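Undergrad: One predicted model, sequence on top.
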Amino acid sequence: MSAPNRSAPGSDAHAGFRAAVWAQCFGVQPQLALVRGLGLLYLRALGLSASSIVALLSASFLVRGLLSIPAGYWADRAGKKRLGIAGQLLAIVGFCLLTAAPWVAEGWPVFGATALAIGLFGAGTALFGGGWFALLSPLLPPAFRGRYLGRMRFVRQLAAIGFGAGVALWMSEQTSLTAFQLAFAGLTVCLIIRLLFYRQIPELEVTASPRSGFPAAFREVLAIPGYRSFCLRVLLMFLAVGAVPMVFGLFELEVLGAGDDLVWWLGVAITCGHLAGTLGAGPLVDRVGSHIALASCQAAFILSIALFLARGWGLPATGWLLAASVLFGLARSTLDIGVTSELLARVPRANKALAVSFFGTLTYLGESLAGLLVAVALSQGFLGMLADGAGATRYDAVLMGFVSLLVVSLPLTLLAAPPARRG
């Protein structure tokens with residue numbers, strides 16, 4: 001049974017939500033930088049191949065996926081904040097090692113040094129995320145959950161754009177390795193500041209340690225009405241879109257021959273689209289329901305990739321890529337807010353962290369599997385033969401596969417039953 005703290009719920013919730021927003025503003029920067037351009041450019045500067053880069057960036061999601069379920073189980077028993085603090089300390093160690101990778105790699109293979117660093121960051125992020133939404137849930141009014149989540153994401157994406165613009169102005173066409181290290185040192189400081197704000201978030205639902213073991217608790221989670229079908233739909237969506245930004249970036253580097261600064265600016269364009277999307281995604285979810293909002297974002301993903309594939313028709317290729325990047329960010333904001341709002345509406349208070357973590361496992365595995373499949377396909381080279389026959393590139397072949405998956409999964413989203421509203 002759960003015993004929420006009712007002493008001053010209004011003031012506690014308001015102060016806790018404000019601390020959570022600030023924590024996200026700083027904590028989101030390392031993850032976004034890693035997957036939206038800066039990580040790709042840094043690993044390329046370290047001399048890694050395209051397939052190795054995709055594999056390493058996907059490894060973070062794979063580690064998070066493997067550890068999310070145990071993290072959720074531990075969070076329900078050891079305490080959400082306690083586990084979150086331990087995870088953030090581990091993530092800080094991982095980013096310190098990633099910053100020092102060029103020096104560490106003098107005695108190690110560079111792939112091994114960066115793999116260890118990214119693995120530690122992924123493990124720490126999994127422990128932090130194991131109780132994050134369960135900790136956040138009692139701070140959000142159920143009737144306005146989408147708006148509150150949208151507000152949080154708007155502020156954190158605004159911070160991400162500020163950080164991204166600052167880094168982009170600092171970068172050149174061929175950025176030095178030292179400059180990349182300074183950027184990652186700044187991201188490590190962001191993780192430390194997030195920890196300070198995180199400690200100020202109250203744990204309003206203090207759940208007594210359940211007597212049931214993991215198998216019984218997991219069976220209870222799977223028995224939640226509509227939960228399994230929801231997880232399957234979300235898994236397919238993240239499998240279809242998780243690796244798209246990396247494919248965009250590799251295409252810009254290897255096919256267009258773009259400089260580091262242009263690749264990073266196009267990554268910032270995704271963040272700008274995400275920021276714009278948060279303004280409407282929260283009210284959209286509250287007004288029409290998460291399942292309709294998710295269907296609309298799937299259609300937007302398809303259009304975004306179509307714009308990317310249409311490059312060169314009338315406009316310069318950079319113009320098409322810019323439009324595709326902004327639209328992808330718009331769609332991703334709706335996806336993030338929609339799935340989070342529906343998840344919190346479906347899960348009960350008992351074993352909440354475990355239910356949220358199992359869901360998180362599927363999203364991380366979807367993104368990591370997408371990246372690993374791309375890495376294998378690029379390393380084997382058969383995509384090049386397939387694309388040459390159609391007059392395209394191997395990256396176009398990857399994107400067409402993702403579009404096919406989005407088209408197949410769209411009817412599942414449209415036919416899904418909406419969740420009952422839950423506090």
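TA: Looks like it arrived, so ask away. Numbering: from 1, shown residues only.
Undergrad: for stretch 61-71, the distance to its chain's centre please.
TA: Relative to its parent chain, stretch 61-71 has a centroid offset of 13 Å by Cα atoms, centre = their mean, to the nearest Å.
Undergrad: Pull the residues that contact it.
TA: 83, 87, 118-119, 122-123, 125-127, 129-131, 218, 242, 354, 357-358, 360-365, 367-369, 371-372 (Cβ atoms under 8 Å, 6 or more residues apart in numbering). Just so you know, the C-beta spots here come from the backbone N, C-alpha and C atoms, and that holds for glycine as well.
Undergrad: cutoff 7 Å now
TA: Contact with stretch 61-71 is made by 83, 119, 122-123, 125-127, 129-130, 357-358, 360-361, 364-365, 367-368, as judged by Cβ atoms under 7 Å, 6 or more residues apart in numbering.
Undergrad: try stretch 185-197
TA: By Cβ under 7 Å, 6+ apart, the residues outside stretch 185-197 that reach it are 19, 22-23, 26-27, 29-30, 33, 85, 88, 91-92, 95-96, 99.
Undergrad: Mark which of those are part of helices, please.
TA: Under the assignment DSSP state H, the contacts of stretch 185-197 contribute 19, 22-23, 26-27, 29-30, 33, 85, 88, 91-92, 95-96, 99 to helices.
Undergrad: And those, which is closest to P138?
TA: Using Cβ to Cβ, A19 comes nearest to P138 of these, at 13.9 Å.
Undergrad: Tell me the pLDDT of L83.
TA: At L83, the pLDDT value in this model is 90.
Undergrad: what's near enough to touch it?
TA: By Cβ under 7 Å, 6+ apart, the residues touching L83 are A71, W74, A75, L127, G130, G131.
Undergrad: Okay, and which of those map to helices?
TA: Short answer: the contacts of L83 in helices (DSSP H) are A71, W74, A75, L127.
Undergrad: Let me know the pLDDT of the second one.
TA: Going back to what we said before, that points to W74. 83.
Undergrad: and it, what is it in contact with?
TA: L83, G130.
Undergrad: any idea how far it lies from L362?
TA: To L362, W74 is 19 Å away according to Cβ to Cβ, to the nearest Å.
Undergrad: shaky segments in the stretch 151-300 of the chain?
TA: Within the stretch 151-300 of the chain, the stretches with pLDDT under 70 are 172-173, 205-212.
Undergrad: okay, who's weakest in the contacts of stretch 185-197 by pLDDT?
TA: A33 (83).
Undergrad: hang on, that one packs against Y42?
TA: No: using Cβ atoms under 7 Å, A33 makes no contact with Y42, being 8.9 Å away.
Undergrad: related to what we said a few turns ago, out of the contacts of stretch 185-197, which is nearest to L275?
TA: Nearest to L275 among the contacts of stretch 185-197: Q29, at 13.8 Å, using Cβ to Cβ.
Undergrad: Report how many residues lie close to the closest one.
TA: When neighbours are defined as other Cβ atoms under 10 Å, Q29 has 25 of them.
Undergrad: ok, it - contacts?
TA: Counting by Cβ under 7 Å, 6+ apart, Q29 makes contact with A160, F163, L187, C190.
Undergrad: Which two of the residues you listed have the greatest separation?
TA: Farthest-apart pair in the contacts of Q29 is A160 and L187; separation 11.3 Å (Cβ to Cβ).
Undergrad: show me the contacts for L158.
TA: Taking Cβ under 7 Å, 6+ apart, we find L158 in contact with L275.
Undergrad: Closest one of the contacts of stretch 185-197 to L294?
TA: L294 lies nearest to G27 out of those, by Cβ to Cβ, at 24.9 Å.
Undergrad: if I look at the closest one, how far off is D261?
TA: As for G27, its distance to D261 is 26 Å (criterion: Cβ to Cβ).
Undergrad: and these two? which has more neighbours close in?
TA: Of the pair G27 and D261, G27 is the one with more neighbours under other Cβ under 10 Å, namely 24 against 18.
Undergrad: what residues does stretch 281-298 touch?
TA: Contacting residues not belonging to stretch 281-298 are listed as 144, 146-147, 149-151, 237, 331, 333-335, 337-339, 341-342, 406, 410, 413-414, 416, 418 [Cβ under 7 Å, 6+ apart].
Undergrad: Quick check: phi and psi on A223?
TA: Backbone geometry at A223, expressed as degrees, to the nearest 10, gives phi -80, psi 0.
Undergrad: I'd like to know how many residues surround it.
TA: Applying other Cβ under 10 Å, we find 9 residues neighbouring A223.
Undergrad: Same check on the one 10 residues further on?
TA: Burial measure for R233: 21 neighbouring residues, criterion other Cβ under 10 Å.
Undergrad: same question, L90
TA: 18.
Undergrad: L97 versus that one, what's the distance?
TA: Look at L90 and L97: by Cβ to Cβ, they are 11 Å apart.
Undergrad: between the two, what contacts are shared?
TA: Residues touching both L90 and L97 by Cβ under 7 Å, 6+ apart: L120.
Undergrad: Surely Q88 is in contact with G129?
TA: No: using Cβ under 7 Å, Q88 and G129 do not qualify as a contacting pair, with a distance of 10.4 Å.
Undergrad: Quickly list what's touching both of these two.
TA: Taking Cβ under 7 Å, 6+ apart as the contact rule, Q88 and G129 touch no residue in common.
Undergrad: for A117, what are its contacts?
TA: By Cβ under 7 Å, 6+ apart, the neighbours of A117 are G94, L97, L98, A101.
Undergrad: was I right about the second one contacting L116?
TA: I take that to be L97. Yes: using Cβ under 7 Å, L97 is in contact with L116, at 6.5 Å.
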